[in-house]
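Peer 1: any chance you could fold what I've pasted below:
(one chain, ligands or ions: 1)
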Amino acid sequence: MDLRLNTSNANQTSELVNAMNYDPELARDVQEGLKQTPKRISSKYFYDGAGSKLFQQIMELPEYYPTRTEFKILEEQQAEISRFFGLSDFFHLVELGAGDGLKTKILLRQLLHMKADFEYVPVDISGDILKLLDSSLKTELPALKTDSFTGDYFKALHWLQKNKEGRKVVLFLGSNIGNFEDGGDLEFLQEIRKYLNPEDKVLVGFDLRKDPRTIRQAYDDAAGVTAAFNLNLLKRLNRELGADFNLNQFEHFTDYDPLSGVVKSYIVSKKQQTVTFSALNHSISFAAWEAIHTENSHKYTPVQIEELGEKAGLKTEQFFTDEKHYFADVLFRVI
Ligand SMILES: C[S@@+](CC[C@H](N)C(=O)[O-])C[C@H]1O[C@@H](n2cnc3c(N)ncnc32)[C@H](O)[C@@H]1O
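Peer 2: Prediction:
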């Protein structure tokens, strides 16, 4: 890499220094994803520090019903949900993709109130959000035992298998289950199932099918926060891989297909252009209006949820839902 070309201002220099210490997994995934047709980048890369903060803003948007709805479900049914966990003996309360734990804290408070003997094990790919969660738990719930893990779901399951034996209750809230590629939700539940024993439980948040307009608006808010969240991915690649994406030349686009029940989000190139990744010695061309697929958000029917569980070796024990049937937290036991 030729540093002389890039020393025109301090920001560019510090971005290059960052890019020289790049994450090889991010580099490999992005390079491979942008070679594909259609181009794609995994949504797991949304969550750098800025991305995690933007997601916290999304959760407060008037259009973004999932957080509000799941919050209410947990708030109103916390005691019943907690009883389903089985409170007579010790368990690890593992949360995959915990984020800032906003909604989980409802259950954590309830479990402490019920004198449950448990350890909370939040897992997230974003170290920034886990730090925030850890420090808020220390002040808000000082009696809570915690042990967090930073890394992706699959690495976490491997770590959990070795380090967290004994009874487990796994939380997978916020409709993260909907973010996999087609069929990835089943594969992932099967992976979770491998880690579990017959006395273990899983609570999964599913976004349910509803008026397609309500769903579409949740991913395309009027204030443009979701657009900023999607485009922040390019900022991350500029900073971490020395790419030169011009953010004015790309835009956020999203749509919901009520037949498949999937919201797909894209970053669209507004013109023909070439982007160079200086850290990787690599360039990539975009045709005018070519899209990078960045996220899936699957919406489910109750029947699909039960079938998904059965195929993964999990039996539906209870649906916890809201009055409009917008969202469901579904408790499974191991078959
Ligand atoms: C949509 S947010 C939801 C957060 C939280 N579960 C909630 O309901 O508010 C998704 C969270 O999962 C994390 N995440 C996304 N993909 C991940 C992956 N492959 N492995 C681990 N964490 C992941 C993100 O960093 C983010 O904090």
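Peer 1: so where is this structure shaky, pLDDT-wise?
Peer 2: Residues of the chain meeting the criterion pLDDT under 70: 1-19.
Peer 1: got the residues of it near the ligand?
Peer 2: Residues of the chain lying close to the ligand by CB under 6 Å from any ligand atom are 44, 47, 52, 55, 97-99, 102-103, 124-126, 129, 152-153, 173-174, 176. Where C-beta positions appear, they are placed from N, C-alpha and C, glycine not excepted.
Peer 1: got the residue ranges for the helices in the protein?
Peer 2: 10-20, 24-35, 49-59, 65-85, 104-113, 127-140, 153-163, 184-194, 212-218, 225-241, 302-312 (DSSP state H).
Peer 1: so what does the shortest one touch, helix or strand wise?
Peer 2: When you say that, I think you mean helix 212-218. helix 65-85, strand 250-257, strand 262-269 (3 or more CB pairs under 8 Å, 6 or more residues apart in numbering; DSSP states H and E).
Peer 1: what residues sit buried inside it?
Peer 2: Neighbour counts over helix 212-218 (16 or more other CB atoms under 10 Å) mark 212, 215, 216, 217, 218 as buried.
Peer 1: now do stretch 112-131: distance from first to last residue.
Peer 2: Length of stretch 112-131, first residue to last, CA to CA, to the nearest Å: 22 Å.
Peer 1: centre of the chain versus it, how much separation?
Peer 2: Chain-centre distance of stretch 112-131: 16 Å, with CA atoms, centre = their mean, to the nearest Å.
Peer 1: and it, what's buried?
Peer 2: In stretch 112-131, counting by 16+ other CB under 10 Å, buried: 116, 118, 120, 121, 122, 123, 124, 125, 126, 128, 129, 130.
Peer 1: widest-spaced pair of these?
Peer 2: Taking CB to CB as the measure, those span a maximum distance of 28.9 Å, between 116 and 128.
Peer 1: isn't residue 302 right up against residue 327?
Peer 2: No. Between residue 302 and residue 327 there is no contact under CB atoms under 8 Å: 11.6 Å.
Peer 1: which neighbours do the two share?
Peer 2: Residues touching both residue 302 and residue 327 by CB atoms under 8 Å, 6 or more residues apart in numbering: residue 208.
Peer 1: what residue in the stretch 151-300 of the chain comes nearest to the ligand?
Peer 2: residue 174 (2.0 Å; CB to the nearest ligand atom).
Peer 1: what's the closest non-adjacent residue to that residue?
Peer 2: residue 205 (5.3 Å; CB to CB, 6 or more residues apart in numbering).
Peer 1: beta partners of that neighbour?
Peer 2: Beta-bridge partners for residue 205, by DSSP bridges, are residue 329.
Peer 1: check contacts around it.
Peer 2: Per CB under 8 Å, 6+ apart, neighbours of residue 205: 66, 70, 172, 173, 174, 175, 176, 177, 327, 328, 329, 330.
Peer 1: now swap in residue 144 and tell me
Peer 2: So residue 144 contacts 108, 112, 120, 137 (CB under 8 Å, 6+ apart).
Peer 1: okay, those residues in JSON lines with distance to residue 323 next?
Peer 2: Formatted as JSON lines, the contacts of residue 144 follow (distance: CB to CB, whole Å):
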{"residue": "108", "distance to residue 323": "25"}
{"residue": "112", "distance to residue 323": "28"}
{"residue": "120", "distance to residue 323": "29"}
{"residue": "137", "distance to residue 323": "31"}
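Peer 1: which pair of those spans the longest distance?
Peer 2: Using CB to CB, the contacts of residue 144 span at most 11.1 Å, a distance reached by 112 and 137.
Peer 1: my read: residue 305 touches residue 207, true?
Peer 2: No. The criterion here is CB under 8 Å, and residue 305 misses it with residue 207 at 10.7 Å.
Peer 1: now residue 73: how far from the ligand?
Peer 2: Separation of residue 73 from the ligand (CB to the nearest ligand atom, to the nearest Å) stands at 12 Å.
Peer 1: counting neighbours, what do you get for that residue?
Peer 2: Residue 73 is flanked by 23 other residues according to other CB atoms under 10 Å.
Peer 1: same thing with residue 255?
Peer 2: Neighbours of residue 255 (other CB under 10 Å): 14.
Peer 1: quick revisit: more crowded one of residue 305 and residue 207?
Peer 2: Each of residue 305 and residue 207 has its neighbours counted (other CB under 10 Å); residue 207 has more, 24 against 20.
Peer 1: so the more buried one sits against residue 66, correct?
Peer 2: Yes. At 5.4 Å, residue 207 counts as touching residue 66 under the criterion of CB under 8 Å.
Peer 1: please enumerate the shared neighbours of the two.
Peer 2: Counting by CB under 8 Å, 6+ apart, the residues touching both residue 207 and residue 66 are 175, 326, 327.
Peer 1: neighbour-wise, give me the winner out of these.
Peer 2: Result: residue 327 is most packed of those (other CB under 10 Å), 25 neighbours.
Peer 1: if I look at that one, how far off is residue 116?
Peer 2: 25 Å (CB to CB, to the nearest Å).
Peer 1: how about residue 78?
Peer 2: For residue 78, the distance to residue 116 - CB to CB - is 12 Å.
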